[in-house]
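J.: give the three-dimensional model of this entry:
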Amino acid sequence: MTYTDAIRFLYGLQLHGTKLGLENTRRLAALAGNPQNRLRFIHVAGTNGKGSTCAMLESIYRAAGRRVGLFTSPHLVSFRERIQINRQPITEGEVVRQVTEIRQYLDHFPRDHFPTFFEVVTVMALRHFAAQDCDLVVWETGLGGRLDATNIVTPLASVITNIALDHQQWLGETLAKIAAEKAGIIKPGGPVFTAAEAPEALAVIRAAAALAESPLVEVSAQDTHRPPLNTLVLPLPGEHQRLNAALALAVARGLADILPVDEAAICEGLRSVHWPGRFQIIRRSGGQLDVLDGAHNTAGTEALAAALQHQFPGRQPVLILGVMRDKDWPSMCRILAPRARSILLVPVSSQRSAAPEELVGACAAGHPGVRLTVCHSLTEALRLTAAEPFRLITGSLYLVGEALTLLGGPANGADERALNEWQAVPAGGGSGGKKETATQMSQVRT
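T.: Here you go, the predicted structure:
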């Protein structure tokens with residue numbers, strides 16, 4: 001098997017539907033020898049900021065000299081980004097080995113209960129981290145928490161970044177219902193850390209922690225003004241990232257008896273954290289400035305707008321916007337349009353993309369008189385704006401990944417963005433054509 005063969009096999013897994021619950025992942029992990037039982041985890045859930053918080057935690061513990069596994073999704077360009085050790089992506093050879101070995105376990109599953117892409121990749125990651133003797137794994141949920149494939153582990157700590165409206169069709173229409181899904185990662189007696197602020201969401205998290213007899217640490221914006229964050233300069237801009245940093249700091253301090261780490265390592269980890277696609281600034285050879293941000297829901301867009309005002313006060317970028325049709329794109333357009341000098345609307349390379357033409361009315365309502373251009377592709381939008389001094393590219397992590405590829409930004413291998421896609425259960429297969437479940441959507445987070 002070659003690396004291309006392995007990736008093709010993973011693509012093929014997208015054709016399979018997913019069943020409610022963790023049965024497949026647990027069974028697959030058991031066939032693989034339950035590698036999760038040889039590892040220590042920090043499990044991170046939340047609506048926004050999961051990836052950034054994971055990156056901060058990984059950076060802190062790596063600065064402390066530990067061998068740290070990092071599991072995140074989706075990837076921006078290369079599948080290998082999802083599984084990293086000390087920020088080195090899994091090698092192509094190791095992907096081949098993992099796929100070759102895990103395929104033998106799949107023969108134990110009937111076709112109507114076949115593991116999905118995300119379930120297989122989750123167990124691949126567990127096997128890789130165990131084989132490589134990781135001291136710690138920073139473990140990000142795909143979607144939700146209670147039914148997510150990652151929830152087969154018993155972590156040292158459960159972390160819930162925040163709760164906002166997103167993926168309501170799978171997680172629930174209220175903050176309380178969404179919080180209940182996220183709080184599903186809480187394990188009996190294990191400490192819980194959260195930066196959730198909405199009262200109805202926080203009430204659910206408090207109740208879940210109390211039921212599990214788990215100590216709960218709540219982090220708020222006030223913590224960003226306490227040492228060392230009151231003077232520390234973060235490479236990830238925005239007040240929302242400072243709150244993520246406060247959360248990571250609380251986790252590191254809270255687990256100090258189990259995972260010793262000194263303040264110097266905490267500060268060094270936060271100062272040096274790197275997480276592409278989140279207010280990532282790229283300076284082109286001609287001096288022009290591009291900002292790439294994966295904001296893909298209303299809360300994320302609000303955080304982006306605030307960061308934009310703080311970092312570039314008084315400056316209006318040319319906005320290149322592409323979103324998924326299952327997002328609250330009218331609100332996203334309303335928030336971003338007034339901050340743009342002109343707007344180019346593009347499709348996202350996904351079957352879930354909103355048509356650019358759909359966004360015109362919402363953008364025009366948000367910024368009457370703004371110049372709007374509908375483009376057939378991101379490539380066209382980048383060509384039309386090549387001379388612009390300041391561009392903002394946002395609306396979806398899919399779009400950011402494509403932009404990184406086109407702009408020649410950092411990438412780890414071939415363009416494999418389509419592996420982030422999902423497909424509904426084929427008619428008559430899997431769940432018999434029923435509505436997709438939260439677990440089925442756990443491979444989607446853009």
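J.: low-confidence ranges, this structure, go.
T.: Applying pLDDT under 70 to the chain flags residues 16-20, 167-170, 409-414, 422-446.
J.: walking through it, point out its strands one by one.
T.: 41-45, 68-71, 83-85, 88-89, 136-140, 157-160, 192-194, 216-218, 280-283, 289-293, 318-321, 342-345, 371-374, 390-394 (DSSP state E).
J.: of those strands, which is nearest Met124?
T.: For the strands of the chain, the distance to Met124 is smallest for strand 83-85, at 7.0 Å, taking Cβ to Cβ. C-betas here are computed from N, CA, C, even on glycine.
J.: name the helices or strands packed onto that closest one?
T.: strand 68-71, helix 117-131 (3 or more Cβ pairs under 8 Å, 6 or more residues apart in numbering; DSSP states H and E).
J.: please enumerate residues in contact with that strand?
T.: Residues from elsewhere that reach strand 83-85, judged by Cβ atoms under 8 Å, 6 or more residues apart in numbering: 58, 67-72, 89-90, 121, 124-125, 128-129, 132, 134.
J.: next, count neighbours for Ala207.
T.: 14 (other Cβ atoms under 10 Å).
J.: any idea how far it lies from Gly144?
T.: 17 Å (Cβ to Cβ, to the nearest Å).
J.: redo the strands of the chain as CSV? Include mean neighbour count.
T.: Shown next, in CSV, are those (neighbours: other Cβ atoms under 10 Å):
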stretch, mean neighbour count
strand 41-45, 27
strand 68-71, 26
strand 83-85, 23
strand 88-89, 14
strand 136-140, 26
strand 157-160, 30
strand 192-194, 26
strand 216-218, 17
strand 280-283, 16
strand 289-293, 22
strand 318-321, 26
strand 342-345, 23
strand 371-374, 16
strand 390-394, 25
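J.: which stretch among the helices and strands packed on strand 83-85 comes nearest Asn230?
T.: strand 68-71 (26.6 Å).
J.: what about the residue nearest to Ser331 when sequence neighbours are not counted, how many residues nearby?
T.: Spatial nearest neighbour of Ser331, chain neighbours left out: Thr298 (4.5 Å); criterion: Cβ to Cβ, 6 or more residues apart in numbering. Counted by other Cβ under 10 Å, the residues lying close to Thr298 total 20.
J.: dump the residue contacts of Thr298.
T.: Contact analysis of Thr298 by Cβ under 8 Å, 6+ apart lists 164-166, 328, 331-332, 335.
J.: and those residues, which is closest to Arg271?
T.: Using Cβ to Cβ, the contacts of Thr298 come closest to Arg271 at Ala164, 27.7 Å.
J.: that closest one contacts Lys50, doesn't it?
T.: No: applying Cβ atoms under 8 Å as the test, Ala164 and Lys50 come out as separate, 11.9 Å apart.
J.: would you turn the strands of the chain into CSV with distance to Gln311?
T.: Shown next, in CSV, are the strands of the chain (distance: least, Cβ to Cβ, whole Å):
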stretch, distance to Gln311
strand 41-45, 26
strand 68-71, 26
strand 83-85, 27
strand 88-89, 29
strand 136-140, 26
strand 157-160, 26
strand 192-194, 27
strand 216-218, 28
strand 280-283, 8
strand 289-293, 8
strand 318-321, 15
strand 342-345, 20
strand 371-374, 24
strand 390-394, 11
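J.: select, out of the ones you listed, the one closest to Pro356.
T.: strand 342-345 (3.7 Å).
J.: export the closest one as CSV, just CAs?
T.: The C-alpha coordinates for strand 342-345 follow below in CSV (Å, rounded to 0.1, in the frame of the first residue of the first chain):
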residue,chain,number,x,y,z
SER,A,342,-15.8,45.9,-0.6
ILE,A,343,-17.0,42.3,-0.6
LEU,A,344,-16.3,39.3,-2.9
LEU,A,345,-18.5,36.3,-2.4
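J.: quick one: strands adjacent to it?
T.: strand 318-321 (parallel), strand 371-374 (parallel) (DSSP bridges).
J.: distance to Ala196 added to those, as a markdown table?
T.: Listed next are the strands paired with strand 342-345 as a markdown table, based on distance: least, Cβ to Cβ, whole Å:
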| stretch | distance to Ala196 |
| --- | --- |
| strand 318-321 | 28 |
| strand 371-374 | 36 |
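J.: who wins for proximity to Gln222 among these?
T.: Among these, strand 318-321 sits nearest to Gln222 (Cβ to Cβ), with 32.8 Å.
J.: for the contacts of Thr298, which single residue is the most surrounded?
T.: When neighbours are counted by other Cβ under 10 Å, Met332 leads the contacts of Thr298 with 29 neighbours.
J.: quick check, that one in contact with Cys363.
T.: No: if you go by Cβ under 8 Å, Met332 and Cys363 don't touch, sitting 9.7 Å apart.
J.: farthest pair within the contacts of strand 83-85?
T.: The most widely separated members of the contacts of strand 83-85, counting by Cβ to Cβ, are Arg67 and Val121 (20.8 Å).
J.: give me the more crowded residue out of those two.
T.: The residue with more neighbours, out of Arg67 and Val121, is Val121; 26 against 15, by other Cβ under 10 Å.
J.: and that one, what is it in contact with?
T.: Contact partners of Val121, counting by Cβ under 8 Å, 6+ apart, are 10, 73, 82-83, 443.
J.: possible to save those as TSV with distance to Gly322?
T.: Below are those laid out as TSV (distance: Cβ to Cβ, whole Å):
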residue	distance to Gly322
Leu10	25
Ser73	20
Arg82	22
Ile83	27
Gln443	20
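J.: between the residues you listed, which is nearest Phe390?
T.: Ser73 (30.5 Å).
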